[in-house]
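In: output the structure for:
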Amino acid sequence: MESKLELLKKVYHIINESSAVSGRTVSDVKLIAVSKKKSAENIEELRRCGVRDFGENYVQEFLEKYEKLKDLDINWHFVGTLQRNKVKYIIDKVCMIHTVDSIKLAKEISKEAVKKNIHKIKVLLQVNVGREPQKGGVLPEEIFDAYNEISIMEKVEICGLMSIPPFLSSEELRPYHRDLSRLYLDVINKCNADPSVFKELSMGMSEDFDTAIEEGATIIRLGTILFGARG
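Out: Numbering: from 1, shown residues only. Here you go, the predicted structure:
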């Protein structure tokens with residue numbers, strides 16, 4: 001059976017090749033291991049291989065793993081749908097919330113950050129690039145108003161955009177990644193977003209991270225390719 005270290009080498013080889021297509025290097029792309037439904041032991045194994053950033057989707061599951069693994073040097077990211085009444089449980093435990101899909105959620109994040117005396121919470125604005133009614137996210141044409149309103153909130157720092165595109169092949173997803181990259185540039189130009197802060201594009205998962213990187217992804221969220229299929 002292939003070791004996790006050998007697997008990671010192959011993944012980083014793809015990241016390197018894909019980064020070169022967009023004129024970047026492997027160091028320009030952050031890999032987040034999405035560990036939902038995987039055990040603390042699975043996470044420990046990848047951590048020993050050098051992976052530091054892990055993404056969780058469910059609050060209760062995350063809290064259990066956080067307690068078990070609190071002695072490890074892990075950067076936790078929340079990458080799942082986040083209900084407003086659960087913000088208070090994770091806000092002081094994650095380095096970034098990727099799925100801010102509404103102004104109401106951003107307000108709750110800022111309010112809880114004030115309560116816990118947190119300087120700033122790094123967030124990404126989730127964009128519904130496929131306009132899928134079953135998925136959360138701000139519609140592309142609404143992103144400018146959302147950015148303008150959220151960016152003035154006291155405790156929220158918008159670091160970029162993220163998307164969960166339709167379930168399609170890697171190449172079929174290229175236009176969606178390209179659209180998000182263009183929208184990212186439009187936010188900088190139309191909203192005067194500071195590119196030294198607003199610098200992340202979280203797009204690309206196990207099936208399509210190569211094309212996502214080629215189209216400008218700075219963060220990729222890999223689960224299946226690192227951990228295997230979820231039960």
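
In: spell out the secondary structure type for residue 220.
Out: strand (DSSP: H, G, I helix; E, B strand; the rest coil).

In: where along this structure do the helices fall?
Out: 4-21, 40-48, 59-68, 87-90, 103-115, 143-150, 174-191, 209-214, 224-227 (DSSP state H).

In: give me the number of residues near residue 30?
Out: Look at residue 30: counted by other C-beta atoms under 10 Å, it has 18 neighbours. Where you see a C-beta, it was placed from the backbone N, CA and C, and this is true even at glycine.

In: let me fix that, I meant to ask about residue 47.
Out: The burial metric for residue 47, expressed as a neighbour count using other C-beta under 10 Å, is 16.

In: show me what contacts it?
Out: When contacts are counted by C-beta atoms under 8 Å, 6 or more residues apart in numbering, residue 47 touches 69, 72-74.

In: who wins for most neighbours among those?
Out: Within those, residue 74 tops the neighbour count with 20 neighbours, counted by other C-beta under 10 Å.

In: for that one, which non-adjacent residue is spatially closest?
Out: By the measure of C-beta to C-beta, 6 or more residues apart in numbering, the closest residue to residue 74 outside its immediate chain neighbours is residue 54, 5.7 Å from it.

In: which pLDDT value goes with the one you found?
Out: Residue 54 is assigned 98 on the pLDDT scale.

In: and it, what is it in contact with?
Out: Listed by C-beta under 8 Å, 6+ apart, the contact set of residue 54 reads 32-35, 43, 46, 74-77.

In: and if we set it to 7 Å?
Out: 32-33, 35, 43, 74, 76-77 (C-beta atoms under 7 Å, 6 or more residues apart in numbering).

In: list the beta-bridge partners for it.
Out: According to DSSP bridges, residue 33, residue 76 are recorded as the beta-bridge partners of residue 54.

In: returning to that earlier point: out of the helices of the chain, which one sits most buried?
Out: Among those, judged by mean count of other C-beta atoms under 10 Å, the one packed with the most neighbours on average is helix 209-214 (a mean of 24).

In: next, the buried residues of stretch 195-202.
Out: Of the residues in stretch 195-202, those scored as buried under the neighbour-count criterion (16 or more other C-beta atoms under 10 Å) are 198, 200-202.

In: now swap in stretch 153-168 and tell me
Out: Residues 153, 155-165 are the ones in stretch 153-168 that count as buried (16+ other C-beta under 10 Å).

In: next one: that stretch to chain centre, how far?
Out: On the basis of C-alpha atoms, centre = their mean, to the nearest Å, stretch 153-168 is displaced by 7 Å from the centre of the chain it belongs to.

In: between the two ends of that stretch, what distance do you get?
Out: Chord length of stretch 153-168, first to last residue, is 36 Å (C-alpha to C-alpha, to the nearest Å).

In: now swap in stretch 74-81 and tell me
Out: For stretch 74-81, the first-to-last residue distance is 21 Å (C-alpha to C-alpha).

In: please apply the same query to stretch 80-92.
Out: Counting by C-alpha to C-alpha: the opening and closing residues of stretch 80-92 are 17 Å apart.
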